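Engineer: starting from these lines, generate the structure:
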Amino acid sequence: MKNISILLTTAFTAFGCQNNQVEQPVDCTQVRLEFTTTVVNTDCGEANGSITVTVDEGEGPFTYSLNDGPVQESPVFNGLSAGEYSIIVSDRNGCRSESVITVANIDGLFVTVSTTEADCGVANGTLSITAGNGVEPYEYQIKGQPLQKSPVFQVAPGTYEVFVIDAIGCEFSMTQRVNSNTSYKTDIRPIIMNNCAVSGCHDGSVSSLPNFSNLSTVQANAAEIRNRTQNRSMPPNGSLTQAQIDLIACWVDDGAMDN
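Structural biologist: Okay, the predicted model is just below:
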């Protein structure tokens with residue numbers, strides 16, 4: 001029996017069973033896997049951009065995927081059109097690092113916008129768009145409205161998101177404010193002085209109330225004045241006309257300017 005025992009021990013040792021150890025899993029929260037990218041932008045309407053990944057810190061070999069698609073060993077993604085792409089890098093342990101990369105259009109649309117003021121609540125102002133660096137003809141749009149060939153819009157005071165689309169589908173958007181021609185000195189101050197900055201109210205005679213005789217105080221409280229006149233809690237007697245309430249809102253929305 002002694003000889004058999006020795007032979008069994010030798011056999012187990014020869015096949016590596018005696019000292020076999022199970023590899024412990026890697027805690028990916030403790031792994032540093034960092035990478036940078038080099039982007040080649042694309043021509044508008046084309047798919048000739050690229051993203052090249054460089055791993056700066058990690059344990060290789062690495063694999064790469066685009067938008068959680070097929071995994072590849074190459075760190076280069078070609079044939080990309082303009083847009084945002086999720087780049088995922090995985091190391092030999094299956095740990096991942098992800099980053100969103102933008103491929104932009106080369107020499108995309110360039111747009112400038114000019115405006116003229118409008119009467120409060122009246123669509124007699126203009127918003128004019130000048131476009132360049134695209135493929136003509138252009139089409140123009142205010143969000144929520146149909147596309148049009150003309151670059152000029154008749155608008156009321158307000159903030160507008162405008163779009164320009166060229167002949168190959170490249171698009172540019174921006175937000176533009178069209179102010180009203182409401183004047184503090186001419187339109188708003190008389191309303192304040194006759195209805196709010198009166199004895200026993202906002203004329204400075206009551207220490208607990210802001211003094212609306214001062215423009216700076218009116219400007220500091222402009223948003224509240226707008227809201228309270230809109231819900232007719234200011235002035236307390238609700239004496240303002242709808243036209244006066246609209247003028248206050250236009251002036252505040254324009255930025256409560258000293259004009």
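
Engineer: list the contacts for residue 147?
Structural biologist: 139-141, 165 (C-beta atoms under 8 Å, 6 or more residues apart in numbering). (Each C-beta comes from the backbone N, C-alpha and C, glycine too.)

Engineer: most surrounded residue in the residues you listed?
Structural biologist: The most crowded member of these is residue 140, carrying 21 neighbours; neighbours defined as other C-beta atoms under 10 Å.

Engineer: shouldn't it be within a strand?
Structural biologist: Yes. Assessed with DSSP: H, G, I helix; E, B strand; the rest coil, residue 140 lies in a strand.

Engineer: gap between it and residue 131?
Structural biologist: 8 Å (C-beta to C-beta, to the nearest Å).

Engineer: show me where the stretch 1-150 of the chain has helices.
Structural biologist: Assigned by DSSP state H, counting those that start in this stretch, the helices in the stretch 1-150 of the chain fall at 2-14.

Engineer: residue ranges with poor pLDDT in it?
Structural biologist: Residue ranges of the stretch 1-150 of the chain with pLDDT under 70: 1-24.

Engineer: re earlier: turn the contacts of residue 147 into CSV, columns for distance to residue 203.
Structural biologist: Output for the contacts of residue 147, formatted as CSV (distance: C-beta to C-beta, whole Å):
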residue, distance to residue 203
139, 54
140, 49
141, 49
165, 54
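
Engineer: quick one: which of these is nearest to residue 85?
Structural biologist: Closest approach between the contacts of residue 147 and residue 85, by C-beta to C-beta: residue 165, at 22.7 Å.

Engineer: touching, that closest one and residue 141? I think so.
Structural biologist: Yes. Using C-beta atoms under 8 Å, residue 165 is in contact with residue 141, at 7.4 Å.

Engineer: would residue 185 count as being in a strand?
Structural biologist: No. Counting by three-state DSSP, residue 185 is not found in a strand; it is helix.

Engineer: count the neighbours of the nearest residue to it once chain neighbours are set aside for me.
Structural biologist: Excluding its sequence neighbours, the residue lying closest to residue 185 (C-beta to C-beta, 6 or more residues apart in numbering) is residue 259, at 7.1 Å. Residues near residue 259, counting by other C-beta under 10 Å, number 15.

Engineer: which ones are touching residue 259?
Structural biologist: 183-185.

Engineer: any chance of these in CSV, with pLDDT too?
Structural biologist: Below are those laid out as CSV (pLDDT from 0 to 100):
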residue, pLDDT
183, 97
184, 97
185, 97
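
Engineer: redo those as JSON lines? Include distance to residue 174 and neighbour count.
Structural biologist: Converted to JSON lines, the contacts of residue 259 look like this (distance: C-beta to C-beta, whole Å; neighbours: other C-beta atoms under 10 Å):
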{"residue": "183", "distance to residue 174": "28", "neighbour count": "14"}
{"residue": "184", "distance to residue 174": "28", "neighbour count": "18"}
{"residue": "185", "distance to residue 174": "32", "neighbour count": "10"}
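
Engineer: quick one: the nearest residue to residue 58 once chain neighbours are set aside from residue 72, how far?
Structural biologist: Nearest non-adjacent residue to residue 58, counting by C-beta to C-beta, 6+ apart: residue 33, 4.0 Å away. According to C-beta to C-beta, residue 33 and residue 72 sit 17 Å apart.

Engineer: what of residue 156?
Structural biologist: Taking C-beta to C-beta, one finds residue 156 at 54 Å from residue 72.

Engineer: same check, this time on residue 204
Structural biologist: Counting by C-beta to C-beta, the gap from residue 204 to residue 72 is 74 Å.
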